[in-house]
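Undergrad: no FASTA, just this:
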């Protein structure tokens, strides 16, 4: 409901498609982040002044706060934003492109990177094509641009394109499924896969802590508790006797 009211569902998916919910619960997660941010901001104020205050956020406001490009497009052009698939709202080409064995993300979002891409892809004639000479023209013809680019990118597998574009200095990357995400060496090196022993379920994997602090690093110390696992421990801490428990 919050995603629908925020406008996010109206701009997700492809042109002409039914409204699409973002699979990740953005409104819920962002509201939690904003709540924590608000509490910390209020706490800093209290340390300075001794005054407390009410902190509020909501799923709707947290979702609206993420519509930065769409709000800019609406207020800047007066036109209601529509879904663009994986394409960016302000720069092109900046989207997913099909290859011979899947998809890659291309981030040639400025003139230098656009020209680098054209040379790396052996399509230098696109630089002088009047439909694509400037970012404004590329945005105006972004569907035709994607067709032109995919006619080329579909000739090689993703791994070859990624190696070629990285060597040319063009921002790009793979599009992982969830299994590939957690198998990635970089993701593992950053500690984003943690394994804990659960008393019933055995070894259970958890998503790691995404913020790294140099002096007080976070740590996932315990798995999810079983039902009532810590009830006696907590009640004893607050003075209840064994008989009362």
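TA: Arrived safely. Source: prediction; values computed, not measured.
Undergrad: only C-alpha atoms for contact and neighbour calcs from this point on.
TA: Will do.
Undergrad: neighbours of residue 172, just the number please.
TA: 20 (other C-alpha atoms under 10 Å).
Undergrad: what's across from it in the sheet?
TA: Beta-bridge pairing for residue 172 (DSSP bridges): residue 106.
Undergrad: check contacts around it.
TA: Residues in contact with residue 172 (C-alpha atoms under 8 Å, 6 or more residues apart in numbering) are 104-107, 162, 165-166.
Undergrad: tell me how far it lies from residue 131.
TA: 23 Å (C-alpha to C-alpha, to the nearest Å).
Undergrad: how about residue 156?
TA: 25 Å.
Undergrad: neighbour count for the two, which is higher?
TA: residue 131 (18 against 14).
Undergrad: hang on, isn't the more buried one packed against residue 143?
TA: No. Here residue 131 lies out of contact with residue 143, judged by C-alpha atoms under 8 Å, at a distance of 11.0 Å.
Undergrad: where's stretch 174-192 relative to the chain centroid, distance-wise?
TA: Stretch 174-192 sits 14 Å away from the centroid of its parent chain (C-alpha atoms, centre = their mean, to the nearest Å).
Undergrad: which positions in that stretch come out as buried?
TA: 174, 192 (16 or more other C-alpha atoms under 10 Å).
Undergrad: got any residues that touch both of residue 131 and residue 143?
TA: Taking C-alpha under 8 Å, 6+ apart as the contact criterion, no residue touches both residue 131 and residue 143.
Undergrad: show me what contacts residue 143?
TA: No residues are in contact with residue 143 under the rule C-alpha under 8 Å, 6+ apart.
Undergrad: name the SS class of it, please.
TA: In three-state terms, and counting by DSSP: H, G, I helix; E, B strand; the rest coil, residue 143 is helix.
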